[in-house]
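K.L.:
Below is the sequence, then the predicted model.
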Amino acid sequence: MARPRVFVTRRIPDEGLLPIGEACDLRTWEGELPPSRAELLEAVEGCDGILTLLTDRVDADLLDRAGPRLRVVSNYAVGYDNIDVAGCAARGIAVGNTPGVLTETTADLAFALLAASARRVAEGDRYVRAGRWLTWGPMLLLGPDLHGAMLGIVGFGRIGQALARRATGFDMTVLYWSRTRLDPAEEARRDVAWADLDDLLARSDFVSIHASLSPGTRHLIDAAALGRMKPSAILVNTARGPIVDQAALADALRRGVIAGAALDVTDPEPMAPDDPLAGLDQCLIVPHIGSASPATRGRMARMAAANLLAGVRGEPLPNPVVPG
C-alpha cells in the first residue's frame, strides 16, 4: 500500500519531521526562505497532507492545485489567518494548529520587550558599539521604570494572562480589554481590572497587544488609538502585525505622540530595511521570535506532526481548527 504523500513547507525540528518521515512519503522544502508561490503550488500537487507555516497562503488556488487527495492542512502555528478554513471545510479538508504550546515563551518575550524598550537596551548597545560611551552621565539614556507602572493588555487570552502574571511580580497595575470579560471574582484572583479600550489606552504606561487578527482587529491600533495614549507610553506587539497601523505608528513615534514601541511582528513580514520604523531609535524590532526557544519549537513540531498524521489517516485531529 502506498504511503501518504506529504509536503512540509520548511524544515521544522526533528521531533516533528522524524515521525512524519517514518509514516509518509515526505518532501521537505530545505531553503531558508519560503518556497515561492509557484514553487509551493507545484509542490502540493497530489499531496494527502501539507504542513504549513504562517508564510504559506492556503487559499482556493492552492487547494485546487493540491487536488482531491488532500485531507489535511496542519499549521505550524497557533494562528491560522493564512488559511481559508471555511474553504478547507467545504472540501472536507481538516485544518490543525498548535494552540497553547507557546503561551509562556511568548509571554517571556513580551515582557522582555517591555523591559528592553523601557530601559533602552538596544539603544544602549548601539551607543557602546559606536564608541560613544565616554563617561557615566546622569542624563544618559533615561527610561521609565516598570515597577509600579500601569500595564494595559489588549486581548486577554492565554498569552495576555501569562503576561499579567509576570507583571504583577513587578508590582505593576494591570488593566485588560477583551471582548469576553472575566467575572469579578476571577479578576480579583488574578489582580487585574477590565477597562474599555479607550480608557485602557489613556491610562496605561505600557500597552501590550495579545489579540488575534480578524477583520475587527485589523488596524485596531490606528492613529486615533495612538493619540489616546500617554506621550510617555510604550506600545508592544507580539500578536500580529496588521493589528497596528504601521504607518500611523511611525508617524506617532516621529511626532512624540507616544515615547516608544517594541515589535516582534510587523506588516508585512519581513519588514523592508527602508521601512520608516526601521530608522527610529525609539522602535525596537525583532524578527517574529516569540516562540523561539528549542523546547517550544520542538513541542510545536510534535503537535503539527500529530495533526498531519491523524489527518492523512482519516482520524480526528488532536488540535483541530473549527470554521466559524
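P.N.:
Okay, I see it.
K.L.:
Gln246 against Ala272, yeah?
P.N.:
No. Using C-beta atoms under 8 Å, Gln246 makes no contact with Ala272, being 10.8 Å away. All C-beta spots, glycine's among them, are computed from the backbone N, C-alpha and C.
K.L.:
More neighbours: which of these two?
P.N.:
More neighbours surround Gln246 than the other of Gln246 and Ala272, with 21 against 10 (other C-beta atoms under 10 Å).
K.L.:
Chain neighbours aside, what residue packs nearest to that one?
P.N.:
Nearest residue to Gln246 in three dimensions, chain neighbours excluded: Asp267, at 5.3 Å (C-beta to C-beta, 6 or more residues apart in numbering).
K.L.:
Ok, Asp81 next?
P.N.:
Asp81 sits nearest to Leu213 (C-beta to C-beta, 6+ apart), 5.0 Å away.
K.L.:
And Ala107, by the same measure?
P.N.:
The shortest distance from Ala107 to any non-neighbouring residue, by C-beta to C-beta, 6+ apart, is to Ala162 (3.6 Å).
K.L.:
before we move on, what about Val78?
P.N.:
Distances taken as C-beta to C-beta, 6+ apart put Pro99 closest to Val78, at 5.4 Å, once the chain neighbours are dropped.
K.L.:
Then Ala23?
P.N.:
Per C-beta to C-beta, 6+ apart, closest to Ala23 is Leu309, 5.8 Å.
K.L.:
Ok, Asp198 next?
P.N.:
Asp198's closest residue in space is Arg228 (C-beta to C-beta, 6+ apart), at 5.8 Å.
K.L.:
that older thread, what's the pLDDT at the residue nearest to Ala23?
P.N.:
pLDDT for Leu309: 98.
K.L.:
And the strands in the stretch 201-324 of the chain?
P.N.:
Taking DSSP state E, counting those that start in this stretch as the test, the strands found in the stretch 201-324 of the chain are 206-209, 234-237, 260-263, 283-285.
K.L.:
ok, back up a step: quick one, what contacts the residue nearest to Ala23?
P.N.:
19-20, 23-24, 49 (C-beta atoms under 8 Å, 6 or more residues apart in numbering).
K.L.:
of these, closest to Glu30?
P.N.:
The shortest approach to Glu30 among those belongs to Ile20, at 14.7 Å (C-beta to C-beta).
K.L.:
what comes into contact with the host helix or strand of that closest one?
P.N.:
Per DSSP states H and E, Ile20 falls inside helix 14-23. Contact with helix 14-23 is made by 3-4, 6, 8, 11, 26, 28, 51, 76, 298-302, 304-305, 308-309, 312, as judged by C-beta under 8 Å, 6+ apart.
K.L.:
Outline the domain layout of the protein.
P.N.:
Using automatic domain parsing, the domain ranges for the chain come out as 5-101+294-312, 103-285.
K.L.:
Just the CA trace of stretch 153-164, in PDB.
P.N.:
Extracted in PDB, the C-alpha atoms of stretch 153-164 (Å, rounded to 0.1, in the frame of the first residue of the first chain):
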ATOM      1  CA  ILE A 153      -3.200  44.300  27.900                       C
ATOM      2  CA  VAL A 154      -5.200  44.300  24.700                       C
ATOM      3  CA  GLY A 155      -6.600  40.800  24.300                       C
ATOM      4  CA  PHE A 156      -6.700  38.600  27.400                       C
ATOM      5  CA  GLY A 157      -6.300  35.000  26.200                       C
ATOM      6  CA  ARG A 158      -3.600  32.600  27.300                       C
ATOM      7  CA  ILE A 159      -0.700  34.800  26.400                       C
ATOM      8  CA  GLY A 160      -2.200  38.000  27.800                       C
ATOM      9  CA  GLN A 161      -3.000  36.300  31.100                       C
ATOM     10  CA  ALA A 162       0.600  34.900  31.200                       C
ATOM     11  CA  LEU A 163       2.000  38.400  30.700                       C
ATOM     12  CA  ALA A 164      -0.300  39.700  33.500                       C
END
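K.L.:
on that earlier part again, just send the strands of the stretch 201-324 of the chain back as JSON lines, with distance to Thr168 and mean pLDDT too.
P.N.:
Formatted as JSON lines, the strands of the stretch 201-324 of the chain follow (distance: least, C-beta to C-beta, whole Å; pLDDT from 0 to 100):
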{"stretch": "strand 206-209", "distance to Thr168": "14", "mean pLDDT": "98"}
{"stretch": "strand 234-237", "distance to Thr168": "17", "mean pLDDT": "98"}
{"stretch": "strand 260-263", "distance to Thr168": "20", "mean pLDDT": "98"}
{"stretch": "strand 283-285", "distance to Thr168": "23", "mean pLDDT": "98"}
